[in-house]
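Student: Got a predicted structure here, sequence first:
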Amino acid sequence: MSVAAYKRIMLKLSGEALMGDDAYGINEEVVSRIVAEIAEVTRLGVQVGVVIGGGNIFRGMKGAASGMDRATADYMGMLATVMNAMALADAFRRAGVEARVQSALRIDQVVEPYIRGRAIRHMEEGRVVIFAAGTGNPFFTTDTAAALRGSEMAAQIVLKATKVDGVYTADPHKDPQAMRYHRISFDEAIGRNLAVMDTTAFALCRDQKLPINVFSIFKPGALKRVVMGEDEGTLVHS
Ligand SMILES: Nc1ncnc2c1ncn2[C@@H]1O[C@H](COP(=O)(O)OP(=O)(O)O)[C@@H](O)[C@H]1O
Ligand SMILES: O=c1ccn([C@@H]2O[C@H](COP(=O)(O)OP(=O)(O)O)[C@@H](O)[C@H]2O)c(=O)[nH]1
């Protein structure tokens, strides 16, 4: 039987991953595909936490947010992640996978508040925990929330599922000459200002010795390959 390389993972899913080729919002087909891939990983016995972004909803409102107070716009961004989390949890329900949403901002009528011990318990019971509202603080990102929750949950790795298939020498969307790293140290990623993840997230993971694997969410089977410890995407390590 195949054995996974990790017992517990923290998966960062960008909001934009949920919209597929749509201009904004949530594409049902894309969400069910992602859910099916995560479900497969849970069947290997891997405990899964998911930190969900909000870019698919909030970036669509960028016009409305321009000129706004930064903190207010950030709270709106965090609320957008709660909507994504609820959509994702419902997709898990339809796929027959138990999932719970915990929010860093309290909206008790809608989702559970974030309670570390409870989140750990859910995961031990085999439930997927979807962490919503980022860190609950403006001026942060959901990448940093993944580093934070990953550390709190004692996950063995943070998996950043994004639009590119790894960390490149430069932004591959802007520089066609950019080359992908198989592995890169935190110090080098930070030193070279590689913007695939924000520095706060990199620094927190570096300090906690929590590795990150960056891979493409659009590549079928990539999540499972990462979880099996296969060479996929880029490993950012201490
Ligand atoms: N050195 C780099 N290697 C890879 N991607 C990079 C790099 N620099 C910038 N990027 C950009 O970072 C993006 C991923 O970051 P971000 O927009 O925060 O993603 P997400 O919405 O998935 O959190 C990629 O789509 C890519 O265009
Ligand atoms: O701890 C957090 C996490 C998120 N956000 C806000 O929520 C938005 C959506 O998160 P993010 O951009 O990380 O989502 P993604 O790019 O992954 O879809 C951000 O732009 C921020 O405005 C925040 O203020 N604090």
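Tutor: Arrived safely. Ligands and ions are numbered 1, 2, ... in the order given.
Student: How about the residues of the protein by ligand 2?
Tutor: 14-16, 53-55, 58, 73-74, 77-78, 81, 134-135, 137-138, 140-143, 145 (Cβ under 6 Å from any ligand atom). Where you see a C-beta, it was placed from the backbone N, CA and C, and this is true even at glycine.
Student: Is V50 in a helix, a strand, or coil?
Tutor: strand (DSSP: H, G, I helix; E, B strand; the rest coil).
Student: That one reaches I38, doesn't it?
Tutor: Yes: when contacts are counted by Cβ atoms under 8 Å, V50 is listed as touching I38 (7.2 Å).
Student: Determine the residues that are contacts of both of the two.
Tutor: Listed contacts common to V50 and I38 are L11, V128; contacts here mean Cβ atoms under 8 Å, 6 or more residues apart in numbering.
Student: residues from the protein in reach of ligand 1?
Tutor: Counting by Cβ under 6 Å from any ligand atom, the chain sits next to ligand 1 at 14, 16, 53, 55, 143, 162-164, 167-168, 170-173, 194-196.
Student: Just the ones of these in strands?
Tutor: Among the residues of the chain next to ligand 1, the members falling in strands (DSSP state E) are T162.
Student: Filter the residues of the chain next to ligand 1 down to the buried ones and hand me the PyMOL line.
Tutor: Buried members of the residues of the chain next to ligand 1, defined by 16 or more other Cβ atoms under 10 Å, are picked up in PyMOL with:
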select buried, resi 14+16+53+55+143+162+164+167+168+172+194+196
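Student: And G150, which helix or strand is it part of?
Tutor: G150 is part of helix 142-152, with elements assigned from DSSP states H and E.
Student: Residue ranges in this structure under the pLDDT threshold?
Tutor: Low-confidence segments of the chain, defined by pLDDT under 70: 1, 60-61, 63-64.
Student: hmm, back to that, can you list which of the residues of the chain next to ligand 1 are found in helices?
Tutor: Members of these lying in helices (criterion: DSSP state H): G55, D143.
Student: got the contact list for D143?
Tutor: Taking Cβ under 8 Å, 6+ apart, one finds K12, K160, M197, D198, T200, A201 in contact with D143.
Student: Considering these, which possesses the most neighbours?
Tutor: Most neighbours among the contacts of D143, by other Cβ atoms under 10 Å: K12, with 30 neighbours.
Student: so that residue sits in a strand?
Tutor: Yes: counting by three-state DSSP, K12 is part of a strand.
Student: That one touches G55, doesn't it?
Tutor: No: counting by Cβ under 8 Å, K12 does not reach G55; the two are 11.8 Å apart.
Student: circling back to that earlier point, can you flag the buried ones in the residues of the chain next to ligand 2?
Tutor: Buried members of the residues of the chain next to ligand 2, counted by 16+ other Cβ under 10 Å: 14-16, 53-55, 58, 73-74, 77-78, 81, 134-135, 137-138, 140-143, 145.
Student: Any idea what the residue positioned nearest the centre of the chain is bridged to?
Tutor: The chain has K12 as the residue nearest its centroid, 0.8 Å off, counting by Cα atoms, centre = their mean. For K12, the beta-bridge partners under DSSP bridges are V51, K160.
Student: Could you pull out the helices in this protein for me?
Tutor: With DSSP H as the criterion, the chain has helices at 28-43, 55-58, 62-65, 70-94, 116-124, 142-152, 186-191, 199-208, 222-227.
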